[in-house]
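>>> Compute the structure for the input listed below.
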Amino acid sequence: MAGVDLIPKPAQLVSAAGNVAHKAFYGGLADLRPMPRTLIDEGMLREVYHYRPATSRPQGDPVLLVTPLAAPALCFDLRRGCSLVEHLVAGGRPTYLVEYGQVSFRDRNLGIEHWVREVVPAAIREVSEHAGGRPVHLVGWSLGGLFALLTAADHAELPIASIAVVGSPVDTSLVPLVAPLRPLLNLGEGRGLVTRAYQAMGGAPQPMVKWAFQLSSIQKLVTKPAAVLTHIDDTEWLAQVEAVDRFMANMTAYPGRTFGQLYHRLLKGNVLKDGVFELDGRDISLSEVTPPVLVFAGATDGIAPVPAVKAMVPLLSGSQEVQFEIVPGGHLGMLTGRAARGTTWPAIDDWIDRWSGADPDPGKIGTSRKRQHGSGGSRALAR
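Numbers count the residues shown, from 1 in each chain. Down below sits the predicted model:
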């Protein structure tokens, strides 16, 4: 529904009354039950889960969902009916997830290399082994997408069948939200105000992370009370709001060293615009990514706008194929919003089906004909 009429219809009044009663007496409208899963591997800030199959015999290569730092794994399992995990499991795919647990002050010395060189590679190997030695399809959202790409570039031996990157910006100069922060980013030389602050706190604490995420949709935040009133008869809309509120309440912290790398290199230095990221004295180039890559940009994403994401396409020059898609939604909505069910998810299905059964031998991956699609389709128009 578009919203409650100025003079509500009887059906709208009945629906609104039912929604209010359900919220008041039953705690909410969203089905927030998590999809059943089993822990199959763990290490330092690494937990790998296998989701319980919907059928006795899941088909095809496994899918590994790569979570970003600070955001909870709820991004992939937001609520029943708007859960990418539920969609993949219902489709009979072997589905796995890697998440990182709660980051604390004791983890302040961990940098991005911990995830790119240890966590994600270990998860890929474990998932491949658990699935019978099959190659793994990676689906990474936001920073999780960059983790997936940097891992693939740094570890050519890993059994990666394909990569789907959802809302991962590489050129931060094209992110409008960063522009007002430039004076703050450049404040002081060396150990400036920002650097001293995050080092003293051991990273970016949960409240700061939540605030930064909300900043990307400040207009929606300000107008939310009025929006709720105008959608009081729309059960689906209200259920989605509840699920997103729970997601926001479960944000976690960034480790100090990792936050420093993101701040100095990605935000302030914008080093990934050239496709190269240095870790431990060694350059990792996105041109070394050989598996096929599907890149998604959200049409209304304020954190990772279309140009900032599309800038990735020419940098993946070594990939077997690169496909670029523009889909409806903001940063979270493009992954797990109501529109994603008919846009992002079918595109991921098509991509995985296309590249399933590929030869896992990394020595053979780069021998196929390479193609790049930089123009970008729009799933909002195609479907």
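>>> what about W351, which helix or strand?
In this assignment (DSSP states H and E), W351 forms part of helix 344-355.
>>> name the helices or strands packed onto that helix?
Helices and strands in packing contact with helix 344-355 are listed as helix 84-90, strand 136-141, strand 160-166, strand 293-298, strand 321-327, helix 379-382; criterion 3 or more CB pairs under 8 Å, 6 or more residues apart in numbering; DSSP states H and E. C-beta: built from backbone N, CA, C; applies to glycine.
>>> Output the ones you listed as CSV; include the columns mean pLDDT and distance to I348.
Conversion of those to CSV gives the following (pLDDT from 0 to 100; distance: least, CB to CB, whole Å):
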stretch, mean pLDDT, distance to I348
helix 84-90, 97, 8
strand 136-141, 98, 6
strand 160-166, 98, 5
strand 293-298, 98, 7
strand 321-327, 98, 10
helix 379-382, 42, 11
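>>> Show me the shaky parts of the stretch 201-350 of the chain.
201-234, 254, 256 (pLDDT under 70).
>>> quick one, strands of it?
For the stretch 201-350 of the chain, the strands defined by DSSP state E, counting those that start in this stretch occupy 203-204, 254-255, 276-279, 282-285, 293-298, 321-327.
>>> Make JSON lines out of those and add mean neighbour count.
As requested, the strands of the stretch 201-350 of the chain are exported to JSON lines (neighbours: other CB atoms under 10 Å):
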{"stretch": "strand 203-204", "mean neighbour count": "26"}
{"stretch": "strand 254-255", "mean neighbour count": "28"}
{"stretch": "strand 276-279", "mean neighbour count": "16"}
{"stretch": "strand 282-285", "mean neighbour count": "16"}
{"stretch": "strand 293-298", "mean neighbour count": "27"}
{"stretch": "strand 321-327", "mean neighbour count": "23"}
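>>> For H50, find the nearest of these.
Each of the strands of the stretch 201-350 of the chain was checked against H50 via CB to CB, and the shortest separation belongs to strand 293-298, namely 23.2 Å.
>>> still on that earlier bit, of all the strands of the stretch 201-350 of the chain, which lies closest to E47?
strand 254-255 (15.9 Å).
>>> buried stuff in the helix holding W351?
Judged by neighbour count using 16 or more other CB atoms under 10 Å, the buried positions of helix 344-355 are 344-345, 347-348, 351-352, 355.
>>> before we move on, what about stretch 304-324?
Within stretch 304-324, the residues that qualify as buried by neighbour count (16+ other CB under 10 Å) are 304-306, 308-313, 315-316, 318-324.
>>> so how far is the first residue of it from its last?
Terminal residues of stretch 304-324 are spaced 14 Å apart (CA to CA, to the nearest Å).
>>> Stretch 89-109 too?
Counting by CA to CA, the terminal residues of stretch 89-109 are separated by 36 Å.
>>> Quick check: buried residues in it?
Counting neighbours by 16+ other CB under 10 Å, the buried set in stretch 89-109 is 89, 91, 93-100, 103, 107-108.
>>> Disregarding residues adjacent in the polypeptide, which is nearest to S162?
W355 (4.1 Å; CB to CB, 6 or more residues apart in numbering).
>>> Wait, the one you found touches P292, no?
Yes: at 5.6 Å, W355 and P292 qualify as touching, with contact defined as CB atoms under 8 Å.
>>> joint contacts of these two?
A shared contact of W355 and P292, defined by CB atoms under 8 Å, 6 or more residues apart in numbering, is any residue touching both; here these are S162.
>>> Among the buried residues of stretch 304-324, which ones are in helices?
Using DSSP state H, the subset of those located in helices is 306, 308-310.
>>> Quickly name whichever of the buried residues of stretch 89-109 is closest to P34.
Compare each of those with P34 using CB to CB and the shortest gap goes to L97, at 10.9 Å.
>>> Leaving aside the residues adjacent along the chain, what's closest to that closest one?
Nearest non-adjacent residue to L97, counting by CB to CB, 6+ apart: L65, 4.4 Å away.
>>> what's the spacing between that neighbour and L84?
Using CB to CB, to the nearest Å, we find L65 at a distance of 7 Å from L84.
>>> any residues in contact with both of the two?
Shared contacts of L65 and L84, defined by CB under 8 Å, 6+ apart, are found at 76, 139.
>>> so who does the residue nearest to S162 touch?
With contact taken as CB under 8 Å, 6+ apart, W355 is in contact with 137, 161-162, 291-292.
>>> Excluding residues flanking it in the chain, which one is nearest A243?
Using CB to CB, 6+ apart and skipping residues adjacent in sequence, the residue nearest A243 is R79, 3.9 Å away.
>>> Over to V116?
Using CB to CB, 6+ apart and skipping the chain neighbours, the partner closest in space to V116 is L150 (4.6 Å).
>>> and that neighbour, what does it touch?
Residues in contact with L150 (CB under 8 Å, 6+ apart) are 112, 116, 277, 279, 284, 286.
>>> Which one of those residues is nearest to M35?
Relative to M35, the closest of the contacts of L150 is V116; by CB to CB it sits at 27.1 Å.
>>> looking at it, the closest one is touching D280, isn't it?
No: with the criterion set as CB under 8 Å, V116 and D280 do not qualify as a contacting pair; they are 9.9 Å apart.
>>> More neighbours: those two, which one.
V116 (24 against 10; other CB atoms under 10 Å).
>>> Contact partners for that one?
In this structure, V116 makes contact with 147, 150-151, 154, 279, 284, judged by CB under 8 Å, 6+ apart.
>>> swap the cut-off to 10 Å and go again
Counting by CB atoms under 10 Å, 6 or more residues apart in numbering, V116 makes contact with 146-155, 277, 279-280, 284.
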